[in-house]
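# Could you look at this predicted model? Sequence included:
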Amino acid sequence: MRFVLFYESADDVLTKAPPHFPADSARLDEFHRAGTLLMMGPFGNPQSEGSMSIFITRDAAEEFARPDPFVFSGVIRNWYIRESDEALQP
């Protein structure tokens with residue numbers, strides 16, 4: 001089981017995000033080093049499609065999102081978490 005954190009971008013995300021990127025990036029590095037964040041990234045068009053991160057626990061995803069500088073500063077309009085089962089194809 002994995003937990004996918006989805007971010008919905010606020011209006012004008014490409015202008016709002018850069019000032020907060022260093023603090024957000026530091027948190028990403030912290031969670032990745034701890035082994036709780038597996039991967040993250042924006043979708044093709046971050047403004048309309050947002051971004052996602054994959055965590056090993058729901059608690060880690062929530063712990064990341066609640067105080068995230070992007071959330072606090074209004075770069076992110078909304079966030080939510082979905083459970084995802086892992087399935088490998090042969």
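Looks like it arrived, so ask away.
# What strand or helix carries residue 83?
strand 76-84 (DSSP states H and E).
# For residue 68, the count of nearby residues, please.
By other Cβ atoms under 10 Å, the residues close to residue 68 number 21. C-beta: built from backbone N, CA, C; applies to glycine.
# Then the one 4 residues further on?
Neighbourhood size, residue 72 [other Cβ under 10 Å]: 12.
# That one and residue 5, how far apart?
Residue 72 is 15 Å from residue 5, where distance means Cβ to Cβ, to the nearest Å.
# One more: residue 13?
Residue 13 is 16 Å from residue 5, by Cβ to Cβ.
# all helices for the chain, in order.
13-16, 21-33, 46-49, 58-65, 69-72 (DSSP state H).
# Figure out how far the strand holding residue 83 is from the centre of its chain.
When distances are taken as Cα atoms, centre = their mean, to the nearest Å, strand 76-84 is centred 8 Å away from the chain's centroid.
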